[in-house]
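In: Structure for the following, please:
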Amino acid sequence: MTENVGGIDRIARIVVGLLLIAYAIPLWFPATGWNWVGWIGIVPLLTAVFGYCPAYSLLGISSCPRRAR
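Out: Got it, this is the predicted structure:
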């Protein structure tokens with residue numbers, strides 16, 4: 001598994017993941033029947049932590065800067 005998630009992409013995934021998880025925990029957001037959807041925020045958090053996105057691999061995308069050899 002090589003890294004395919006770059007710096008700015010990681011920050012965006014962390015922010016989105018934390019917001020979704022905050023929505024799942026009805027402390028700051030009103031409790032609705034759809035709060036469980038917020039637990040999907042775990043996926044962007046994990047991809048940011050590991051620096052690897054399986055969807056990017058399938059599509060042949062990488063947001064990592066090219067490294068000099």
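In: now the helices: where do they sit in this protein?
Out: 7-24, 42-50, 54-59 (DSSP state H).
In: could you dump the last one to PDB, C-alpha only?
Out: Listed in PDB are the C-alpha atoms of helix 54-59, where the atom choice follows Å, rounded to 0.1, in the frame of the first residue of the first chain:
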ATOM      1  CA  PRO A  54      -8.900   2.500  -1.900                       C
ATOM      2  CA  ALA A  55     -11.200   4.400  -4.200                       C
ATOM      3  CA  TYR A  56      -8.200   6.500  -5.400                       C
ATOM      4  CA  SER A  57      -6.300   3.300  -6.100                       C
ATOM      5  CA  LEU A  58      -9.200   1.900  -8.200                       C
ATOM      6  CA  LEU A  59      -9.400   5.200 -10.200                       C
END
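In: Can you list the low-confidence ranges for the protein?
Out: 67-69 (pLDDT under 70).
In: what do you get if the cut-off is 80, keeping everything else the same?
Out: Applying pLDDT under 80 to the chain flags the ranges 1, 26-29, 66-69.
In: residue nearest the centroid of it?
Out: Pro44 (1.6 Å; Cα atoms, centre = their mean).
In: now that one: how far from Ala31?
Out: Distance of Pro44 to Ala31, computed by Cβ to Cβ, to the nearest Å: 23 Å. Bear in mind the C-beta positions are built from the backbone N, C-alpha and C, glycine included.
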